[in-house]
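1. Give me a 3D structure for the following:
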Amino acid sequence: MKLVVPTELYENESRVSITPDIIPSLIKMGFKVFVQSNAGLGSSYTDEDYKKSGAVISFKLNDLYSKADLVVKVQRPFKQKKTDEFKLLNNCSLITLLYEQKFKNEFSSLKKLNINVFALEKMPRISRAQSMDVLSSQSNLSGYKAVIDAASLFNKAFPLMMTSAGTVAPAKVLVIGAGVAGLQAIATAKRLGAVVSSFDVRASTKEQVESLGAKFVQVEEKGDSGETSAGYAKEMSASYKKKQAKLLEDSIAKTDIVITTALIPGKPAPKLITKKMVESMKVGSVIIDLASEFGGNCELTKHGETVNFKSKKIVGPQNLPASVSQDSSRLFAKNVINFLMNSCESGKFADFNWDDEVVKDTCVIRNLKK
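-> Numbers count the residues shown, from 1 in each chain. This is a model prediction of the structure:
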C-alpha cells in the first residue's frame, strides 16, 4: 500500500505528518512510504533522513499522489490557483485535522470526492485511544510554549530572587482551563518559579491542578460538575456565569500573566475575559489566548495578532505547536501510527477496522468502500 506524506502548504505550518523514526514501523505494516521533497525541513527532518529510514522521495506532486492508498496530512487539503490538493485526491483515504464545522467549504469539497476522510480531532476520549489522541499531544506542547512566549513578552522575571540589591517578587500566573494545555501551562509556569493559580468549570480538575502545586480557583455551585459525560467542559447556567465573572475579575486584577485555554466542543470559545477585566490588570500584563482560533476567551483577542491595550498585551497565537515543530511532528506521527496499528491484523494493515469505535468516530466521510 502506498502511503503519501505531502508538504504542509498553509501559512505558519511547519509540521510534517510523518517523521523518519516511524517509517520502519510503517514498512513492517506493509506500507511503501512516499514523502514529498523537503516536506520535513520545517521540522528539521531532511530528505536524507527519510531516505535512510526507507522512504521514497517524490519531487512532483502528481507523482506523489498517483495511485496513493493513504494520504496523511497535519492540516486539511490546500487549494489555490497554482496548487489544488483536492484535485489530486482520488480513490484513497485521508487522515488529517479537519474541523469540518469551521472549514465547511473544504469539508463540502471533500464529500464530493471518491475518498474516505478521517478527522483526527474526532478521536474519542477513551483510555485505549489516548496514544492516538492528536489534540492532546499538540495541546500539551501549546501549553508549554504559551508560558515560554509569555515569559519572553513579560518585562519582569518569573521566579522569586533574593539578591544583594533587593528582592525580586515572583510573577503571578493564572491559567484558565485545566485541560491538557492548561495543565502543561501550570507545570511550566511552576518550573519557571511563578506563583500559579488555575480556574476551570470542572470541579474534577481541582486535584490535578493542586497536584502540580497551583491554587484552584473555584465557583461554588452545588450539584453541577461542569463537564459532559465525555469529560469536556460544558455550557454553564446564567447564575454560574455571573459568579464566574466576578471571581475572574477579582483574580485577574491581581495577576501578571493569564493563559486561557477554555473550549467547548462544537461551539465558539466562551468569552471569559471582558474589556473591563483587561483594564483592571496591571500595566505590563500579558494574556496568551490559546482559544483564539475559535473566537478567543478574551473579548479583545484577534487571532494571529498581538493587541496592545492600555500597556497590556493580548496575544492570539497563530499555531503554537508549529513553533516547536520537531517535537510536535514526532508526537503527531506517533499518534497516526498508533491509529493505523489499531486496524492491523498480525502486524499488517489491509484496511481500516470499520467495526471499531475509534475508526467509526473519526471517519467523517466514507465514500470509498472496498
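
2. Give me the phi and psi for Asn116.
-> phi -100, psi 140 (degrees, to the nearest 10).

3. Any figure for the gap between it and Asn342?
-> 15 Å (CB to CB, to the nearest Å). Yep, even glycine has a C-beta here, placed from its N, CA and C like the rest.

4. Who has more neighbours out of those two?
-> Asn116 (24 against 18; other CB atoms under 10 Å).

5. out of everything not next to it in sequence, what's closest to the more buried one?
-> In space, and not counting its chain neighbours, Asn116 is closest to Ser93: 4.3 Å by CB to CB, 6 or more residues apart in numbering.

6. Going along the chain, name the helices of the stretch 151-300 of the chain.
-> Here the stretch 151-300 of the chain has its helices, by DSSP state H, counting those that start in this stretch, at 180-191, 206-211, 238-252, 275-280.

7. in the helix or strand hosting Ile148, what's buried?
-> Element membership for Ile148, per DSSP states H and E: helix 134-153. For helix 134-153, a neighbour-count test (16 or more other CB atoms under 10 Å) marks 134-151, 153 as buried.

8. Mind telling me which of the helices of the stretch 151-300 of the chain the model trusts least?
-> Set side by side, those give their lowest mean pLDDT on helix 238-252, at a mean of 83.

9. Can you show me the CA trace of that one as PDB?
-> Provided in PDB are the C-alpha atoms of helix 238-252 (Å, rounded to 0.1, in the frame of the first residue of the first chain):
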ATOM      1  CA  ALA A 238     -26.600  32.100  33.800                       C
ATOM      2  CA  SER A 239     -26.200  32.200  37.600                       C
ATOM      3  CA  TYR A 240     -22.900  30.300  37.400                       C
ATOM      4  CA  LYS A 241     -21.600  32.700  34.700                       C
ATOM      5  CA  LYS A 242     -22.400  35.700  36.900                       C
ATOM      6  CA  LYS A 243     -20.400  34.200  39.800                       C
ATOM      7  CA  GLN A 244     -17.700  33.200  37.400                       C
ATOM      8  CA  ALA A 245     -17.300  36.700  36.000                       C
ATOM      9  CA  LYS A 246     -16.900  38.200  39.500                       C
ATOM     10  CA  LEU A 247     -14.400  35.600  40.500                       C
ATOM     11  CA  LEU A 248     -12.300  36.100  37.400                       C
ATOM     12  CA  GLU A 249     -12.500  39.800  37.700                       C
ATOM     13  CA  ASP A 250     -11.100  39.700  41.200                       C
ATOM     14  CA  SER A 251      -8.400  37.100  40.200                       C
ATOM     15  CA  ILE A 252      -7.200  38.800  37.000                       C
END
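
10. and it, how far out from the chain's middle?
-> Here helix 238-252 is found 27 Å from its chain centre; the criterion is CA atoms, centre = their mean, to the nearest Å.

11. For that helix, name the packing helices and strands.
-> Secondary-structure packing of helix 238-252 (3 or more CB pairs under 8 Å, 6 or more residues apart in numbering; DSSP states H and E): strand 172-176, strand 195-199, helix 275-280.

12. Looking at those, which one is packed in the most?
-> Highest mean neighbour count among the helices and strands packed on helix 238-252 (mean count of other CB atoms under 10 Å): strand 172-176, with a mean of 27.

13. Domains in the protein, by residue range?
-> Domain ranges of the chain: 2-122+324-366, 140-318, per automatic domain parsing.

14. what's near enough to touch Ser346?
-> For Ser346, the contact set (CB atoms under 8 Å, 6 or more residues apart in numbering) is empty.

15. What are the phi and psi values at it?
-> Torsion angles, degrees, to the nearest 10, at Ser346: phi 60, psi 40.

16. Also Gly42?
-> Main-chain torsions, Gly42, degrees, to the nearest 10: phi -70, psi -20.

17. Can you tell me how far it is from Ser328?
-> Taken as CB to CB, the span from Gly42 to Ser328 is 11 Å.

18. Tell me which of these two has more neighbours.
-> Set side by side, Gly42 and Ser328 show more neighbours around Ser328, with 26 against 17, by other CB under 10 Å.

19. any idea how far Asn367 is from the more buried one?
-> Distance, Ser328 to Asn367, by CB to CB: 30 Å.

20. One more: Ser66?
-> Separation of Ser66 from Asn367 (CB to CB): 19 Å.

21. How many neighbouring residues does the residue nearest to Asn116 have?
-> 22.

22. Report the beta-bridge partners for it.
-> Assessed by DSSP bridges, Ser93 has beta-bridge partners Leu70, Asn116.

23. list the contacts for it?
-> Contacts for Ser93 (CB under 8 Å, 6+ apart) come out as 69-71, 115-118, 352, 368.

24. Look up phi and psi at Lys104.
-> Dihedral angles (degrees, to the nearest 10) for Lys104: phi -70, psi -40.

25. So for it, what's the pLDDT?
-> Looking at Lys104, its pLDDT is 93.

26. Helix, strand or coil: sort out Ile18 for me.
-> Assigned with DSSP: H, G, I helix; E, B strand; the rest coil, Ile18 falls in the coil class.

27. sorry, back to before: out of the helices and strands packed on helix 238-252, the one nearest Ile264 is which?
-> Across the helices and strands packed on helix 238-252, Ile264 has its closest neighbour in strand 172-176 (13.1 Å, CB to CB).

28. Mind giving me the packing neighbours of the closest one?
-> With contacts defined as 3+ CB pairs under 8 Å, 6+ apart, strand 172-176 has these neighbours: helix 180-191, strand 195-199, helix 238-252, strand 257-260.
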